[in-house]
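> okay, structure incoming, though there's no sequence with it:
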Ligand code: RIB
């Protein structure tokens, strides 16, 4: 079953700092790392490393050395990049600071990611093979909508509403196109304008059939058709949380793909199992620096789940 990710791809430039600087402040970094990034590309890598699913990535890079290197890295992972366009704009870049507590702050310069609001003919033909479409919001909303409308019937649309700001303005259009909405707790609060997570979860669950809210070290909440499950996290010694949410989403999508189920047969147990696998992959990812560099392989995830008797 094929998983097609439509989304962003960035060259991450990561500075390791003791603490993230405040406005007007300068701090010195102890190291600098360049890593493949972009929420979409990170999710593609996570879905591919998760197991046997055929994975294709649809996005855009510039005609520059970063674009070439990012494309080559996806190919090395066995990801179909025939839907990765080369456009007349610089490849996206993310400037990331990671502090001593493994938290980060990220500034994205979208570049090529913002170049198009519709799929190309080549990208449409890649999407035609999808059984799972996975999107996020670091690309223009019209492009996300085009992909959601173009996907074959009975193809899942999993949306990770990250970053949350674009979702807020487009929620009325996007929500009817989504089979499973994946957000973290901050995004859930941001999207709904609620101060209380339970209020936010209730509000979101009333507007989408299936909802997953990740809660960091507290695991995740899964809601579907009025049923609800609390899925525990795996303990981890985090050094860098960059891309952990993307790793969760990629593994979640691959697990749904492996089930062979269609969106009309969704239930909370299926989603909770996928969330548990996503949590295991994310727990491993945070123990390593970088985004795509940190994504674990299927045997690593299986070993962790076995060890935890998951
Ligand atoms: O989610 C982490 C990602 O956000 C980074 O890889 C960075 O590129 C930004 O897109």
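Everything's here; your move. Please read all numbers here as calculations on a predicted model, not as lab measurements. Residues are numbered from 1 along each chain as shown.
> how about the residues of the stretch 1-150 of the chain by the ligand?
When proximity is defined by Cβ under 6 Å from any ligand atom, the stretch 1-150 of the chain lies next to the ligand at 8, 10, 12, 37, 38, 39, 42, 94, 106, 108, 138. Backbone N, C-alpha and C define where each C-beta goes, glycine included.
> could you redo the last one with a cut-off of 8 Å?
Proximity of the stretch 1-150 of the chain to the ligand, by Cβ under 8 Å from any ligand atom, involves residues 8, 10-12, 35-39, 41-42, 92, 94, 96, 104, 106, 108, 138.
> in helices only, show me these.
39, 41, 42 (DSSP state H).
> so which of these wins on neighbours?
residue 41 (35 neighbours; other Cβ atoms under 10 Å).
> apart from its chain neighbours, what residue comes closest to that one?
residue 9 (3.9 Å; Cβ to Cβ, 6 or more residues apart in numbering).
> what do you get for residue 34?
That would be residue 13: by Cβ to Cβ, 6+ apart, it lies 5.8 Å from residue 34.
> dump the residue contacts of that neighbour.
Going by Cβ atoms under 8 Å, 6 or more residues apart in numbering, residue 13 touches 32, 33, 34, 93, 94, 95, 96.
> also residue 19?
Contacts of residue 19 by Cβ under 8 Å, 6+ apart are 27, 99, 100.
> neighbours around the last one, how many?
I take that to be residue 100. Residue 100 has 12 nearby residues by other Cβ under 10 Å.
> excluding chain neighbours, what is closest to it?
Spatial nearest neighbour of residue 100, excluding adjacent residues (Cβ to Cβ, 6+ apart): residue 18 at 5.3 Å.
> which phi and psi does that neighbour have?
Backbone torsions for residue 18, taken as degrees, to the nearest 10, come to phi -70, psi -50.
> got it, and residue 253?
Here is the backbone geometry of residue 253 (degrees, to the nearest 10): phi -60, psi -40.
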